[in-house]
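Visitor: below are the sequence and a predicted model for it; my questions follow.
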Amino acid sequence: MSEDRSMLAELLAAGDVVVLSGAGLSTESGIPDYRGPNGSLTRHTPMTYQTFVGDPAARRRYWARSYVGWRTMTLAAPNDGHRAVADLQRQGLVSGIVTQNVDGLHQAGGAREVIELHGSLREVICLDCGDLTSRKELDHRLTLANPYFGVRTTTINPDGDVELGDEEVDGFQVVACRACDGGTLKPDVVFFGETVPGDRVRACYALVESARLLLVLGSSLTVMSGRRFVLHAAKHGIPVAIVNQGPTRGDAYATLTVEAPLGTLLPELVRLTDPRTALTDPRTATAALPNR
């Protein structure tokens, strides 16, 4: 394992690294992933776009569960892994960050210019007029509309909602868009069955094409939404390194795979690549990657 970590540090030390992060980076902040050993898909079926749009009762269940989950989501703090990615960016080694997460913890940990592939729970969009408002404002409105809704839980799903029984959801009042006086509100995130905006995907492709290394952190790469960037890197001869707990669907394209807790490994990589430590030789690292 130490040899793999040293090799990964050498790859990182060459710079121009683009990070692709998944839910596994946030598990140490108390937000579960979908497909890990204790992933939420073992007990939870995520809301699909088609169900949300087409079923008012399903929307009410979602917003009731999201209203409760938001309490826990706002308490989630960036972990050592998030902070280490920001440190690598400050060192000038990470040139771009694409995250599949919707929790905003990269930015809370100090990272800049993060492309949130699947959007952010911090904002709410009206499906009728396109107006964007903050989740904080919506939470205030939902509290006023549901003064006696007192359900509390600390178990949260990756998309920010929780499991509630029908009897707990009964009577929950959903609020509508104020801008167009009645439009349907949805968190500004990409639900299952929904398409990522094309301009966002193109920006991610361009970022990958500019990289010397694509570093995947905490993603099983099960769905094409994230895996396509690994395939794109491989197509362009860009090395891929994957750090995840468990196998991924991108392993066959990787130059290096490392299985380790991100909150432990990433701070170690920061130390190994810090020029003040002189523990890595950038000339060796550069030689480990093809000239681009």
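Guide: That came through fine. Numbers count the residues shown, from 1 in each chain.
Visitor: what about Ala108, neighbour count?
Guide: Using other Cβ atoms under 10 Å, Ala108 is surrounded by 15 other residues. C-beta coordinates here come from the backbone N, C-alpha and C atoms, glycine included.
Visitor: ok, the closest residue to it other than its chain neighbours to Leu138 distance?
Guide: Nearest non-adjacent residue to Ala108, counting by Cβ to Cβ, 6 or more residues apart in numbering: Pro78, 4.6 Å away. According to Cβ to Cβ, to the nearest Å, Pro78 and Leu138 sit 23 Å apart.
Visitor: with Ala86 instead?
Guide: Taking Cβ to Cβ, one finds Ala86 at 28 Å from Leu138.
Visitor: Pro78 and Leu138 - which one has more neighbours?
Guide: Pro78 (23 against 19).
Visitor: Val175 is in contact with Leu142, correct?
Guide: Yes. If you go by Cβ atoms under 8 Å, Leu142 and Val175 touch, sitting 6.1 Å apart.
Visitor: which one's more surrounded, these two?
Guide: Leu142 (20 against 13).
Visitor: what score does the nearest residue to Gly24 once chain neighbours are set aside have for pLDDT?
Guide: Among residues not flanking Gly24 along the chain, Gly218 sits closest, at 2.5 Å (Cβ to Cβ, 6+ apart). Looking at Gly218, its pLDDT is 97.
Visitor: thought Gly218 was touching Val243?
Guide: Yes. With contact defined as Cβ under 8 Å, Gly218 counts as touching Val243 (7.2 Å).
Visitor: who touches both of those two?
Guide: Leu262 (Cβ atoms under 8 Å, 6 or more residues apart in numbering).
Visitor: which parts of the stretch 51-200 of the chain are helices?
Guide: 56-75, 80-90, 105-108, 135-145, 166-169, 198-209 (DSSP state H, counting those that start in this stretch).
Visitor: minimum distance to Asp188: which of those has it?
Guide: Proximity to Asp188 (Cβ to Cβ) singles out helix 135-145 among the helices of the stretch 51-200 of the chain, at 8.6 Å.
Visitor: starting at the chain centroid, how far to the closest one?
Guide: Distance, stretch centre to chain centre, for helix 135-145: 24 Å (Cα atoms, centre = their mean, to the nearest Å).
Visitor: tell me the angle of that helix relative to helix 56-75?
Guide: Helix 135-145 runs at 120 degrees relative to helix 56-75, counting by axes from the mean of the first three to the mean of the last three Cα atoms, to 10 degrees.
Visitor: average pLDDT across helix 135-145?
Guide: pLDDT averaged over helix 135-145 gives 95.
Visitor: same thing with stretch 118-126?
Guide: Rounded mean pLDDT across stretch 118-126 is 96.
Visitor: other residues contacting that stretch?
Guide: 70, 73, 100-104, 131-138, 159-160, 177, 179-180, 183-190, 196, 225.
Visitor: pull stretch 208-217 out as CSV, backbone CA atoms only.
Guide: Only the C-alpha atoms of stretch 208-217 are listed here, as CSV (Å, rounded to 0.1, in the frame of the first residue of the first chain):
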residue,chain,number,x,y,z
VAL,A,208,-10.5,16.6,-18.4
GLU,A,209,-8.9,17.2,-21.8
SER,A,210,-6.6,19.8,-20.2
ALA,A,211,-5.4,17.5,-17.5
ARG,A,212,-2.2,15.5,-17.1
LEU,A,213,-4.1,13.2,-14.7
LEU,A,214,-7.7,12.5,-13.8
LEU,A,215,-8.0,11.6,-10.1
VAL,A,216,-11.2,9.8,-9.1
LEU,A,217,-12.1,10.1,-5.4
